[in-house]
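# Pasting a predicted model and its sequence here:
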Amino acid sequence: MSDKPGCPTDKGHILSRFDGDLGRFREIVLDMGRRVQCEVDLAADALARCDVTKARKVTVEHRRVRDLDIDALEANARLYAIHQPVARDLRFVLTLSRAVYDLERISGEALRVAEIAEALYEIQPSSQDNVIFEDVRRMHKPVADLLDRCLRAVAEENVQIAVGVALDGKELGELFKASIRRLATYLMEDPRNIRLVIDATLGIKAMERIGDHACSIARNLIYSVTGKDVRHVNVASLDAG
């Protein structure tokens, strides 16, 4: 034990402050994630149903996400300025800061989908026309699942969940191609569907990008926990145990 009576207590206070600041940063990120999830769900439903009310709610949520983005930047700066984290602590702080970037991009994609839905409202597509947007709903389901799981991986620092997300994300490319093939049939049936087909294509592409960002969050979490950078390697080779 140190001869300096204040040392153990001071160290405890420092660690406690770091844990508190790190916990605050993580909670901001997870709050941001929950709002982004809401945005994605609303945007997908808005486009699939041509629901302008839900599309406008996405805009409101997007503003709240931007506010949280600023809060996250301040929390991140505080951690570096005061605590200067190293080793695994540093990797986790980096993971959270990268997650903020990915979540902000996801929010932007959801906003674009909502804007497409809002523009479509002006032409009032029929219920038969809305069938063209069913692939947005098909893409949304696995993407929403990836997003939910990657946020759970961050909350729990669970590498096994993160690896599962990174592996399952590889299926999005095939789903996108299958959707494009289906959309092409609507164009062949009636060239006048071109506007709707283009909008649906933009919608499913946005969903694919959202899934990619969810996988990015998962890969960064894997790096945080294991120290292994799997961005450019086969994730299946990683021992998730």
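Perfect, I can see it now.
# so Gly203 sits right up against Asp45, yeah?
No: using CB atoms under 8 Å, Gly203 is not in contact with Asp45; the gap is 11.4 Å. C-beta: built from backbone N, CA, C; applies to glycine.
# Out of the two, name the residue with the larger neighbour count.
Gly203 (29 against 20; other CB atoms under 10 Å).
# what about that one, which helix or strand?
Counting by DSSP states H and E, the element that carries Gly203 is helix 194-226.
# For that helix, which residues meet the burial criterion?
Buried residues in helix 194-226, counted by 16 or more other CB atoms under 10 Å: 196-197, 199-226.
# Ok, stretch 174-183 next?
For stretch 174-183, the neighbour count (16+ other CB under 10 Å) marks Leu175, Phe176, Ser179, Arg182, Leu183 as buried.
# Same question for stretch 95-108.
Under 16+ other CB under 10 Å, the buried positions of stretch 95-108 are 95-100, 102-108.
# what's the answer for stretch 79-90, then?
Leu79, His83, Pro85, Asp89.
# which residue sits closest to the third one in space, ignoring its chain neighbours?
Of all residues not flanking Pro85 in the chain, Val93 sits nearest, at 5.2 Å (CB to CB, 6 or more residues apart in numbering).
# list the helices and strands the helix holding Gly203 packs on?
helix 7-49, helix 87-121, helix 134-156, helix 159-168, helix 172-189 (3 or more CB pairs under 8 Å, 6 or more residues apart in numbering; DSSP states H and E).
# Of these, which shows the lowest average pLDDT?
Ranked by mean pLDDT, the helices and strands packed on helix 194-226 end with helix 7-49 at the bottom, a mean of 84.
# What is that one packed up against?
helix 52-78, helix 87-121, helix 134-156, helix 194-226.
# These into a markdown table, with extra columns for distance to Ile28?
Shown next, in a markdown table, are those (distance: least, CB to CB, whole Å):
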| stretch | distance to Ile28 |
| --- | --- |
| helix 52-78 | 5 |
| helix 87-121 | 8 |
| helix 134-156 | 12 |
| helix 194-226 | 15 |
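# of those helices, which approaches Arg34 most closely?
helix 134-156 (7.5 Å; CB to CB).
# Any buried residues in the closest one, and which?
135-140, 142-144, 146-147, 149-151, 153-154.
# Packing partners of that helix?
helix 7-49, helix 87-121, helix 159-168, helix 172-189, helix 194-226.
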